[in-house]
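Engineer: Take this sequence and fold it.
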Amino acid sequence: MAVSDAVTSGEDGLARCPWGVEPEVYREYHDQEWGRPIRRDDDALFERISLEAFQSGLSWLIILRKREGFRRAFADFKIAAVAEYTEKDAERLLADTGIVRNRAKIAATIANAKAARELDGSLSDLIWSFAPERRQRPKRNADIAAVTPESTALSKALKKRGFRFVGPTTAYAMMQAIGMVDDHLADCHVPEAP
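Structural biologist: Prediction:
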């Protein structure tokens, strides 16, 4: 199925953002998770930062299909646990076929857990402090930015605190995933968050 620039109806007749129609793992992620606000849960936010970093340069489908493997490998993304990982853990992860085996991304995930642990406040407070003003949903995919002033500022703030693999594009993808911005298309069946 070709991906259009506007909502697409799947076999169930529901209008979805075109990327969220097929395969089923995309549909479930689109309908149940993507764009839903995650607040006050630093470990859940750490998971999204980590998965977006691993996705860099790859298909999101690869990450979704390996998500349970990532959760097993990274202690369900518990910041306190991953922050204690050592070089021996990094070597173990490089041999784990259940995840994307990229040395730099594994090292970044461990470093990001350490950076999150060292924050003066919560990771949630830091990330959500860059939330833009609420806006109308986009009409077409072409109306969705890859980088915004807020994602650029968030990226800089995270990097300043020792986070890695958090460039402005990755930061914006995370902002979409955690519902900080609502980039479901205007005619998508997923209801807007309150």
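Engineer: SS state for the nearest residue to residue 140 once chain neighbours are set aside?
Structural biologist: Counting by C-beta to C-beta, 6 or more residues apart in numbering, residue 5 is the residue found nearest to residue 140 once chain neighbours are left out, at 4.7 Å. No exception for glycine: its C-beta is placed from N, CA and C like everyone else's. What DSSP: H, G, I helix; E, B strand; the rest coil gives for residue 5 is coil.
Engineer: Ok, residue 185 next?
Structural biologist: Going by three-state DSSP: residue 185 is coil.
Engineer: Repeat that for residue 181.
Structural biologist: Applying three-state DSSP: residue 181 is coil.
Engineer: residues near it, how many?
Structural biologist: 22 (other C-beta atoms under 10 Å).
Engineer: now do residue 180
Structural biologist: Around residue 180 there are 22 residues (other C-beta under 10 Å).
Engineer: Would you agree the residue nearest to residue 140 is in contact with residue 18?
Structural biologist: Yes - counting by C-beta atoms under 8 Å, residue 5 touches residue 18, with 7.2 Å between them.
Engineer: Common neighbours of those two, please.
Structural biologist: residue 141 (C-beta atoms under 8 Å, 6 or more residues apart in numbering).
Engineer: For the two, indicate the residue with more neighbours.
Structural biologist: Shown here are residue 5 and residue 18; by other C-beta under 10 Å, residue 18 has more neighbours (20 against 12).
Engineer: I'd like the distance between the more buried one and residue 163.
Structural biologist: 31 Å (C-beta to C-beta, to the nearest Å).
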